[in-house]
Structure formats: structure tokens, C-alpha cells
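1. the following block contains a protein sequence and its predicted model.
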Amino acid sequence: MNQFKDWKSNLDRFFGNEFWGDFEGMMKPSIPYINMYQYDNELLCYVSIPGMSHPKNVEVLVDHTTLTIKGKIEINHRGGHQLMSEIADGTFERSIDLPFPVRNDKMEATYKHGLLVIQLHRQVTNHTHQKPLSIRHLEEE
């Protein structure tokens, strides 16, 4: 273990102290995970947000050709020493480019079982305006 620390220390001196931070940033996946499907005039986005109890904890913004998702995941654990940390916890923000401009008057978002589904439709004009999107919470039946 000491050999690794020595090796890391030598690399820090050679490449600078930010070497590991930059490398770690490249290795971490973007959160939240998104699957996007394109149809003729429609986009369907599936956003995985496990641990989010209610959609009031997430904000979806659509601006012409950009989809931005901001939110907070709180894992309420009580006591104990954390041995693993693989589930995202805390605030997140992710913006993705859309393949075409979308309409701000025809959007829908639903949330159920940790999956946010966003439906967007192709825009035919070049009007740019960011609009927040409300999310319907689908209660378990």
C-alpha cells in the first residue's frame, strides 16, 4: 500500500496535484443515466433516478435543443459506517443536447418507480425559450 502512495506522490509531483482529480472526472459516469429514443417528430427520454421519493425533488428544463435535469437524491441512512458507495446521493445536474429543436407547448413528464419519462415533440420554428416542465407523480395502484 505504501508503494502505491509513493507512486501516486511521484505522479502528483510530475503531472501536478490535479492529475488524479482530472482522471477521476473522466472515469465517473454522467448522472442521472438517460436513454433517449428518436421517432419521426418525437423524442422519448427515460431518466433513471433511483432513491428519489417524489418528483418535487427534480427540475426538468427544456430550452430549444437542450434538456437539463437538476435534482437531489437523499438516501436517509441511520448510523452505521458506509462500506460501499455506488448509488448517487446528493445534488445532480445534467444537460444534454437534443437532436432537433423541440416545442415548449407540447411536453410531458411522468415519474414512477424511479424512472422519469420525458416526451418531447419537434419544433418547426426557431424560437428559443427555456421552460420548466412539471412532472406528474404516478402513485402506485
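-> Alright, I've got the coordinates.
2. any idea how many residues pack against the nearest residue to E42 once chain neighbours are set aside?
-> The shortest distance from E42 to any non-neighbouring residue, by C-beta to C-beta, 6 or more residues apart in numbering, is to H121 (5.5 Å). To be clear about C-beta, it is placed using only N, CA and C from the backbone, and glycine gets the same treatment. Burial of H121 is recorded as 17 neighbouring residues (other C-beta atoms under 10 Å).
3. would you map the helices across this structure?
-> 2-15, 19-27 (DSSP state H).
4. worst-scoring helix or strand of the chain, pLDDT-wise?
-> Lowest by mean pLDDT, DSSP states H and E among the helices and strands of the chain is helix 19-27, with a mean of 52.
5. how about the contacts made by the residue nearest the centre of the chain?
-> In the chain, the centroid-proximal residue (C-alpha atoms, centre = their mean) is P32; its distance is 2.9 Å. By C-beta atoms under 8 Å, 6 or more residues apart in numbering, P32 lies in contact with 47-49, 69, 71, 88, 92, 94, 116.
6. rerun that using 7 Å as the cut-off
-> P32 makes contact with 47-49, 69, 92, 94 under the criterion C-beta atoms under 7 Å, 6 or more residues apart in numbering.
7. also T66?
-> 95, 97-98.
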